[in-house]
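Engineer: Quick check, what structure comes out for this input:
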Amino acid sequence: MTELDLFGEAPARRKAVGGHESNSGGSDEWLTPPWLIKSLGEFDLDPSSPINRPWPTARQHMTLEDDGLRTPWPEGARVWCNPPYAHVWKWLAKLADHGNGIALVFARTETKGFREQVWEKADGMLFLHKRLSFHHVDGTEAKANSGAPSVLVAYGRQNVKALIDSGLSGAVVNGWWTS
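Structural biologist: Okay, the predicted model is just below:
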């Protein structure tokens, strides 16, 4: 059975940066706007960084060549993670186990992965008021927004404080009551 809109027609399929449809470049590399990272303070490690990047996201970068998902992260390092969305829940599981960092993911609050890696493990979240416009690896801003709402997920209380102090427009959900 085909889904129909209010007029009895099949709805048009929209393509967006964060959609399930592949983008024209065929890349899973979408860069966080530099102003967003700057608002959160300095990070020690970005384990899912593109090989060629127009700006730093942390003091140390791991790329696809380093396999940041399998490579151990330095103990205590404050991690920035805008993970490849193809394996987002594996990245968040590793960040949750690490316990010190902030991840940027889509606010897919109803999914099993979000429940297991965010609702059950995160110390706090900042649901951003507006959809982000990510950047291409050459630094140019994408023409379309992400296509879905985003959330910054904090592991570690100091990272929740960074969300609160960031000045970013959104709503903070503080999970400290679970500790």
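Engineer: all contacts plus neighbour counts: C-alpha atoms, from now on.
Structural biologist: Will do.
Engineer: So which residues make contact with stretch 48-68?
Structural biologist: 29, 34, 37, 42-47, 69, 79-84, 137-139 (C-alpha atoms under 8 Å, 6 or more residues apart in numbering).
Engineer: Just the buried residues of these.
Structural biologist: Neighbour-count burial (16 or more other C-alpha atoms under 10 Å) applied to the contacts of stretch 48-68 gives 29, 37, 43-47, 69, 79-84, 137, 139.
Engineer: quick one, strands of this protein?
Structural biologist: Applying DSSP state E to the chain gives strands spanning 45-46, 60-61, 79-81, 101-106, 124-128, 150-155, 170-174.
Engineer: For residue 164, which of those strands is the nearest?
Structural biologist: Ranking those by proximity to residue 164 (C-alpha to C-alpha) places strand 170-174 first, at 6.8 Å.
Engineer: The strands of the chain into CSV, with extra columns for distance to residue 89 and mean pLDDT?
Structural biologist: Shown next, in CSV, are those (distance: least, C-alpha to C-alpha, whole Å; pLDDT from 0 to 100):
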stretch, distance to residue 89, mean pLDDT
strand 45-46, 16, 97
strand 60-61, 20, 96
strand 79-81, 12, 96
strand 101-106, 10, 94
strand 124-128, 16, 93
strand 150-155, 12, 94
strand 170-174, 20, 87
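Engineer: buried residues in the least confident helix or strand in the chain by mean pLDDT?
Structural biologist: In the chain, no helix or strand scores lower on mean pLDDT, DSSP states H and E than strand 170-174, which sits at a mean of 87. Residues 170, 172, 174 are the ones in strand 170-174 that count as buried (16+ other C-alpha under 10 Å).
Engineer: Pull the contacting residues for the last one.
Structural biologist: With contacts defined as C-alpha under 8 Å, 6+ apart, residue 174 is in contact with 123-125, 160.
Engineer: where's it relative to residue 128, distance?
Structural biologist: 14 Å (C-alpha to C-alpha, to the nearest Å).
Engineer: between the buried residues of strand 170-174, which is closest to residue 75?
Structural biologist: residue 174 (24.3 Å).
Engineer: Give me the distance between the closest one and residue 168.
Structural biologist: 15 Å.
Engineer: now do residue 109
Structural biologist: As judged by C-alpha to C-alpha, residue 109 and residue 168 stand 20 Å apart.
Engineer: On the strand side of things, show who residue 102 bridges to.
Structural biologist: Following DSSP bridges, residue 102 is listed with bridge partners residue 80, residue 154.
Engineer: How many residues are close by it?
Structural biologist: For residue 102, the neighbour count with other C-alpha atoms under 10 Å is 29.
Engineer: what is the rounded mean pLDDT of the lengthiest helix in the chain?
Structural biologist: Secondary structure of the chain per DSSP state H: the longest helix is helix 88-98. In this model, helix 88-98 carries a mean pLDDT of 96.
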